[in-house]
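Trainee: Generate a structure from the sequence data that follows.
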Amino acid sequence: MDEFEDPKTLRRVFGTFATGVTVVTVGGASPHGMTANSFTSVSLDPPLVLVCVGRDASMHGHLTAAGAFGVSVLAAGQEDVARHFASRWRPAGRAQFDAVDWVPGNRIDAPLIGGALARFECTLWRTYDGGDHTIFLGRLLATDGPAGSNALLFLNGTFHALERSGLSA
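Mentor: Below you'll find the model as predicted:
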């Protein structure tokens, strides 16, 4: 079997790239959140970000229907928040936000995670086919941050704290 045909091997190899950890949220009558590490900036003009969401994830339908989303970049001490929004057993709707500190968005009605390093409020700009995922491009409406804290990272299937080493560019 070709190594690319084995999803577990491919996931393990992809996991060698350290990523930040975010919580993507949508508002509305039934707000929803999802832990995501497939988030990045795309453009400064216009200001765009992207997040990739699996087609089988419940967030896929929520985000498509909402037309707007928030992204909260988690701080090193927020592993419990990341785990909460990654759990398939958390409550649905507004109740899933009862266990975390959150604030309402200023421009969209999505909940944003309190204590996050940075928060982004976006309107859905474009979507693209990404195989078993959809690539959602969001145009920034508002940002908050960066907070002066260390980042939560995901590497080789586990969470890590990025510690500042005093190195300069």
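
Trainee: Please make it C-alpha for all contacts and neighbour counts, starting now.
Mentor: OK.

Trainee: in the protein, which spans are strands?
Mentor: For the chain, applying DSSP state E gives strands covering 19-20, 22-26, 32-36, 39-44, 47-54, 68-73, 102-104, 111-113, 118-130, 133-144, 152-155, 158-161.

Trainee: Please convert the ones you listed to JSON lines, extending it with distance to Ala92 and mean pLDDT.
Mentor: JSON lines is the format used below for the strands of the chain (distance: least, Cα to Cα, whole Å; pLDDT from 0 to 100):
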{"stretch": "strand 19-20", "distance to Ala92": "25", "mean pLDDT": "90"}
{"stretch": "strand 22-26", "distance to Ala92": "13", "mean pLDDT": "98"}
{"stretch": "strand 32-36", "distance to Ala92": "7", "mean pLDDT": "97"}
{"stretch": "strand 39-44", "distance to Ala92": "23", "mean pLDDT": "96"}
{"stretch": "strand 47-54", "distance to Ala92": "18", "mean pLDDT": "98"}
{"stretch": "strand 68-73", "distance to Ala92": "17", "mean pLDDT": "98"}
{"stretch": "strand 102-104", "distance to Ala92": "16", "mean pLDDT": "96"}
{"stretch": "strand 111-113", "distance to Ala92": "14", "mean pLDDT": "98"}
{"stretch": "strand 118-130", "distance to Ala92": "22", "mean pLDDT": "97"}
{"stretch": "strand 133-144", "distance to Ala92": "22", "mean pLDDT": "97"}
{"stretch": "strand 152-155", "distance to Ala92": "25", "mean pLDDT": "91"}
{"stretch": "strand 158-161", "distance to Ala92": "25", "mean pLDDT": "89"}
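
Trainee: so which of those strands comes closest to Arg90?
Mentor: Between Arg90 and the strands of the chain, the tightest spacing by Cα to Cα is seen for strand 32-36, at 10.2 Å.

Trainee: List of residues touching the closest one?
Mentor: Outside of strand 32-36, the residues that reach it under the criterion Cα atoms under 8 Å, 6 or more residues apart in numbering are 21-26, 51-53, 59, 62, 82-83, 85-86, 92-94, 96.

Trainee: Thank you kindly, that will do.
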